[in-house]
Each structure stands twice: as C-alpha cells, then as structure tokens.
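**Student:** Show me how the following folds:
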Amino acid sequence: MALVTATIPLVVTLVFHADRSHPAANPAGSPSQTDSAPWYLSLMMLAAIVAVGVVGGRWAKLPGAGLLGPLALTVALQLTGLSFGLTVPVLLVQAAYMVIGWQAGVAFTRESLRAIGRILPLALTLIVVLGAATAGLGVVLANVTGMTQLEGYLATSPGGVYAVLATAVETGSNVTFIIAAQVLRVLLMLFAAPLMARV
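**Tutor:** Residues are numbered from 1 along each chain as shown. Take a look at the predicted model:
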C-alpha cells in the first residue's frame, strides 16, 4: 500500500505530465460555486453525514462501513438534490491531505519492516507486476470509456484510494468516475477475499 501510494505522484508527474495546479471542475448538474452552502453549514452537514453514514453503514453491515456508509449517503443526497450546495472547505481538504500523508508515514515501523524483510524481494516483484498489469487495464478502461489515460490509471490503481482521490482532485480529473471504479474494486475485494482465503 505504501509503495503504491508513494508512486502515484511520481507516475502522474513523470508518465502523464499532469498539471496539479488546478482542481477538478464541477461536473454537469452539480451546484456551481455561487450555489455553495456557507462553510459553517457545510461543516455541520459533513459531520452529520459522517456520523449517520458510519452508524448506518455498520447497521447495514456494509464492508468498510467507515468509508462506504458516508459515501453512499452523500451519493444519495446528491442524486436526490438534497445536498443543499454542500461543499468541502479548502482548509478541510488540505488537512485531509496532511492526514493521508501522516497515515502513510506512521505505517513504517522497525517491527513492520523487519517482519517483511525476508519476503521483500518477492513482494516488491509482485507489487511491480500488479502495478503494471493494472496500469494496462487502465489503458483499456480509458479507451473503452473515452476517459484520459491518467483517469484510467487512477481508476485502476491497486490501492491507495485516498491518495488516488487527492490526486484526482488536484489534477482536475473526473473524480466521480475514478472513485466509482475504486469503490467497485474495494467492494469486489471485500467480498472476494473471504472466498479466496477459504479456497
């Protein structure tokens, strides 16, 4: 996960030469900046969505309820037009990026590095092969859907969903398409992993 997360910015910059200086534009049908709710109302709405989404996700026994519960609730509110111009304040977005970096950094401990030290060469080989294979799938997905190669890569990246989301926003990519593909990947893995473990 750390390797995939760390290489996303490098691949985006060196391979796709993406411009990270502009955020994604509002998709069609979404509220414009003038229709946005005030920041304090957005914060209250976000807190309520997270709380209700997490509790509802756990009640519905969703896998990854902390992520999928609020996500499902937000999608439902957006599709029904009940989001009332909800926007995420820029400072909160920047704070979230900081937390993502911190989360990736604290995963590296001496104990964890020692534990994987013996299998590191094989693990790195498998990670590189998996990354190349999913990048190939990203090319196919981009060609089939008419998305850019960058969007295809981000949609099929095998992990680091938070870094993928941050990169998609910063590069002006189609965030809805990318996060939908990533959520589908997470759902498939959450349901498939127990079956694969039994086999």
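**Student:** top helix in this structure by residue count?
**Tutor:** Looking across the chain with DSSP state H, the single longest helix is helix 120-145.
**Student:** Now tell me what touches the next helix-or-strand element following it from outside.
**Tutor:** Toward the C-terminus, helix 120-145 is succeeded by helix 149-156 as the next helix or strand (DSSP states H and E). Residues from elsewhere that reach helix 149-156, judged by C-beta atoms under 8 Å, 6 or more residues apart in numbering: 8, 11-12, 15-16, 18, 134-135, 137-143, 145, 147, 164, 167-168, 171, 173-174, 177-178, 181-182, 185. C-beta here means a position set from N, CA and C on the backbone, and glycine is covered the same way.
**Student:** gap between Leu184 and Leu124?
**Tutor:** 27 Å (C-beta to C-beta, to the nearest Å).
**Student:** ignore the last one, Ser157
**Tutor:** 17 Å.
**Student:** Compare those two (neighbour count), which wins?
**Tutor:** More crowded of Ser157 and Leu124, by other C-beta atoms under 10 Å: Ser157, with 25 against 12.
**Student:** tell me what the longest helix of the chain is packed against?
**Tutor:** helix 2-14, helix 149-156 (3 or more C-beta pairs under 8 Å, 6 or more residues apart in numbering; DSSP states H and E).
**Student:** Could you list the low-pLDDT ranges of the protein?
**Tutor:** 18-35, 63-64, 104, 194 (pLDDT under 70).
**Student:** tell me, what residue is most central in it?
**Tutor:** Geometric centre of the chain, nearest residue: Val161, 3.1 Å, by C-alpha atoms, centre = their mean.
**Student:** The closest residue to that residue other than its chain neighbours: what's it in contact with?
**Tutor:** In this structure, Val161 finds its nearest non-sequential neighbour in Gln182, 4.9 Å apart by C-beta to C-beta, 6 or more residues apart in numbering. By C-beta under 8 Å, 6+ apart, Gln182 lies in contact with Ala155, Ser157, Val161, Val164, Leu165.
**Student:** tell me which element Lys61 falls in.
**Tutor:** In the assignment (DSSP H and E), Lys61 maps to no helix and no strand.
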